[in-house]
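Enquirer: when you get a sec, could you give me coordinates for this:
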Amino acid sequence: MSLFRVSLVFLIMSLAVACGFQPLYGSATRNADVQEKLAQTYIEPMPGRIGQILRNELLDLANPRGIPKEPVYRLKVTTETRAEGLAIQSDDTKTRFNLTLTSKFSLVNIAAQEVLYTGSTQNIASYNVVQSEFANLSAAKNAEKRAALVAAKQINQQLSVYFSGR
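Expert: Reported below is the predicted structural model:
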């Protein structure tokens, strides 16, 4: 590495430290208890396949050790999906769809029965429609799964930012 590159790296690192940058999930920061607060959250069951995928991913992200024995917080998530045809042929057949998954959630303090935080996410996953019904069903289910996984990550990030500010 050239001397210029090395000095540039050190300059950038010193600027990051000087501006007060702290990682969200760090053990040596004042935000170290974010993961602990996430682990104390009970995530309510959700109906449907998308709800099951979303809840399982949220459980993995918040607390990989399982459901908390004595939760402090409760997370309620509702989902709504909509499929919209995009590519319409001259014979009115649709060859591409956008699946929109809208998730609304609220974080409740169980002891005080008080809503602490509410938020929402909206994710779009696209899929193609072909001659095979099996391929179409598989593509639609894959789009649902992709949208649910992204929604879970976004919800987890929003809750992490909320907990880091408390």
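
Enquirer: all helices for the chain, in order.
Expert: 3-18, 34-39, 48-62, 133-164 (DSSP state H).

Enquirer: wait, which of those is closest to residue 117?
Expert: Of all these, helix 133-164 sits nearest to residue 117, with 4.8 Å by C-beta to C-beta. The way it works is simple: take the backbone N, C-alpha and C, and place the C-beta from them, glycine included.

Enquirer: next, the angle helix 48-62 makes with the closest one.
Expert: 40 degrees (axes from the mean of the first three to the mean of the last three C-alpha atoms, to 10 degrees).

Enquirer: report the distance from helix 133-164 to the chain centre.
Expert: 7 Å (C-alpha atoms, centre = their mean, to the nearest Å).

Enquirer: for it, list every residue counted as buried.
Expert: 139-140, 143-152, 154-156, 158-160, 163-164 (16 or more other C-beta atoms under 10 Å).

Enquirer: for that helix, packing partners?
Expert: In terms of contacts (3 or more C-beta pairs under 8 Å, 6 or more residues apart in numbering; DSSP states H and E), helix 133-164 is packed against helix 34-39, helix 48-62, strand 73-88, strand 94-109, strand 114-128.
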